[in-house]
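> Here's a sequence, model it:
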Amino acid sequence: QSTDSIREEFRREWETKVASLNLAETLECFGVAVEGGAHANAKQLRSAYRKALLRFHPDRQGAKELRERVAAEERFKILSQKMEQG
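The predicted structure is shown next:
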C-alpha cells in the first residue's frame, strides 16, 4: 500500500472520532496517559502533550513498518492541531 492510501485510510478512521474531543480526550484516545484525565490542568496537559509528541514524532519512527510510521505522523499532526486550537 502507498503512503498516501495509508494516510487517507487513517484520516477517514480518526478525524471524525477526535473532531469533538478536547486535547486530553484525544491524547487518551491515542493511548497517551493524561494525569487528571479529561479534567487535567494546563501543566498536566502540557506534560502529556510533550510525551505524545516525542512518541509520535516522524523522526523517531525510522525502524517501524510503513503503516505505523504514517499513523504516528498523522497522530502527531492531529495533536498539534488540537494544541493550537486550545
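
> CA only for contacts and neighbour counts going forward, please
OK.

> close enough to count as contact, Gly62 and Arg69?
Yes - Gly62 is within contact range of Arg69, at 7.4 Å (criterion: CA atoms under 8 Å).

> Compare those two (neighbour count), which wins?
Ranked by neighbour count (other CA atoms under 10 Å), Gly62 and Arg69 place Arg69 first, with 22 against 10.

> helix or strand for the spatially most central residue of the chain, which one?
By CA atoms, centre = their mean, the mean C-alpha position of the chain lies nearest to Arg75, the distance being 3.1 Å. Using DSSP states H and E, Arg75 sits in helix 66-85.

> picking up where we left off before, do you know the pLDDT at the residue nearest to the centre of the chain?
At Arg75, the pLDDT value in this model is 96.

> List the contacts of it.
Contact analysis of Arg75 by CA atoms under 8 Å, 6 or more residues apart in numbering lists Phe30, Phe56.

> Show me the shaky parts of the protein.
Along the chain, segments meeting pLDDT under 70 are nowhere present.

> switch the cut-off to 90
Along the chain, the parts satisfying pLDDT under 90 run over 1, 15-16, 37-39, 62-63, 85-86.

> ok now do Ala72, which residues does it touch?
Residues near Ala72 by CA under 8 Å, 6+ apart: Arg55, Phe56, His57, Pro58, Gln61.
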